[in-house]
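**Student:** Build me a structure from this.
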Amino acid sequence: MNEAPPCAAQPCATAPRDADARPVLLCLSHLRWDFVFQRPQHLMTRAAADHEVIFLEEPLHQDVAAPHLDCSPRPGGVTVAQPILPHGTTPDAAVAAQRALLDDWLAQRAGRKLVAWFYTPMALAFAGHLHPDVTVYDCMDELSAFRGAPPAMLEMERRLIARADLVFTGGRSLYEAKRNRHARVHCFPSSIDTAHFGQARLGPAEPEAMRGLKHPRLGFFGVIDERMDLDLVAKLAALRPNWSFIMVGPVVKIEEAALPRAANIHWLGGRGYADLPAHLAHWDIGFMPFALNDSTRFISPTKTPEFLAAGLPVVSTPVLDVVRDYADAGLVEIAEDAAAMAAKAEMMLARDRGPWLARVDAQLARNSWDITWARMAGLIGDVTVPQVSAARAGAGRAFHTIRAAGAAHV
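**Tutor:** Numbers count the residues shown, from 1 in each chain. As a prediction, the model looks like this:
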């Protein structure tokens, strides 16, 4: 899940080469590039084909004399920039430092088209003074509902939506929550790199950490945090002591001591994105034991189509977007408790996968991260001065019917 290790960081002091006239895409993110390879990484690596993309992370505090910006390239053409601030920097001074570092970086690119792409509204604190050619709010999660969300999140989001030219949402539930708040809201649910996860169907070698574990194996991969129903995991493992439950991913915002422990539950930690297909290839069922709480109310898990592309049957708790986008189409099974989840898993283990896989592949063929980025890029290219004015003036009005090109596979 952690992508390739970062390249050596260096100060962002060098101006781009004179011949680089590409638009600049400034991505302001609450997520770190090297944490988990997900929606931002998929989209920004595709944007880098036509833009100079800088992925600006939240600051790090280190033993340095003065603030500076460390930049390092990543595979796919994206530059990751980390503001490095001295220990003891006050919140107000941190905002001022980030603004100054950002202004210095942008000054070297003056005269080029600028797209400001926000994942976190909190970045307005140091980037709200900018006047980009296009402002995009890619709302991939309802961040205000997450544990530890800043109290100012909702107000900052209101400001961001008011100034955005385009609002993208990471799923249908988010779209329905935001569509009346701006005139140009477009739904782009979680997409899929079918070729990457399809490698699981080709029989790659079994990872060493799983060798000897009993079948059937139920596997989960992703961030392990307050969105996981740990009690459900414990109850399911107790109901089926001869099954193996394999949990891949970093643990954040919850104590590792809270994780259920049993002989048949295996917490493997994070894995590289490139390594995931080999893990999925040796599981029998993909399971998504999401808690049903405020933090999961609007999620559209990227892992759903990734499991399917790997050829794995999937059982999930009734997350609304999973139900509407996959279960209603007969691609994913839904269970509300441990007993129902065990029964669904047994049914999937016994059934012929052929007809189900044919339906899965037909569905996945309709979408990809390439298609999603192409549609997003088309909408960005369509932004003109009159449309910008209309979009901002229309914030708060009921949104007109979304055009098919921006609807992804809703």
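
**Student:** all helices of the stretch 251-400 of the chain, in order?
**Tutor:** Assigned by DSSP state H, counting those that start in this stretch, the helices in the stretch 251-400 of the chain fall at 276-280, 303-309, 320-322, 338-350, 353-364, 369-382, 385-393.

**Student:** Return the most buried member of those helices.
**Tutor:** Across the helices of the stretch 251-400 of the chain, averaging neighbours per residue (mean count of other C-beta atoms under 10 Å) puts helix 303-309 on top, at a mean of 26. Any C-beta I mention is one placed from the backbone N, CA and C, and that applies to glycine too.

**Student:** other SSEs contacting it?
**Tutor:** Judged by 3 or more C-beta pairs under 8 Å, 6 or more residues apart in numbering; DSSP states H and E, the packing partners of helix 303-309 are helix 194-198, helix 276-280, strand 285-288, strand 314-316, helix 353-364.

**Student:** repeat that for 6 Å
**Tutor:** With contacts defined as 3 or more C-beta pairs under 6 Å, 6 or more residues apart in numbering; DSSP states H and E, helix 303-309 has these neighbours: helix 194-198.

**Student:** what is the orientation angle of whichever helix or strand comes after the helix it packs on with helix 338-350?
**Tutor:** Sequence order places strand 217-221 as the next helix or strand after helix 194-198, per DSSP states H and E. Interaxial angle, strand 217-221 versus helix 338-350 (axes from the mean of the first three to the mean of the last three C-alpha atoms, to 10 degrees): 110 degrees.

**Student:** what residues does strand 217-221 touch?
**Tutor:** 244-249, 283-287 (C-beta atoms under 6 Å, 6 or more residues apart in numbering).

**Student:** Which neighbours in the sheet does that strand have, and how are they oriented?
**Tutor:** Strand pairing for strand 217-221, using DSSP bridges, gives strand 244-248 (parallel), strand 285-288 (parallel).

**Student:** Just the CA trace of the biggest strand by length in the chain, in PDB.
**Tutor:** Counting by DSSP state E, the longest strand found in the chain is strand 78-86. The C-alpha trace of strand 78-86 is given here as PDB (Å, rounded to 0.1, in the frame of the first residue of the first chain):
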ATOM      1  CA  VAL A  78       4.600  14.100 -10.000                       C
ATOM      2  CA  THR A  79       6.800  16.200  -7.800                       C
ATOM      3  CA  VAL A  80       6.000  15.900  -4.100                       C
ATOM      4  CA  ALA A  81       6.700  19.100  -2.000                       C
ATOM      5  CA  GLN A  82       6.900  19.000   1.800                       C
ATOM      6  CA  PRO A  83       7.000  22.300   3.700                       C
ATOM      7  CA  ILE A  84       9.700  21.800   6.400                       C
ATOM      8  CA  LEU A  85       9.200  24.100   9.400                       C
ATOM      9  CA  PRO A  86      11.300  24.500  12.500                       C
END
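
**Student:** Can you give the distance of that strand from its chain's centre?
**Tutor:** 20 Å (C-alpha atoms, centre = their mean, to the nearest Å).
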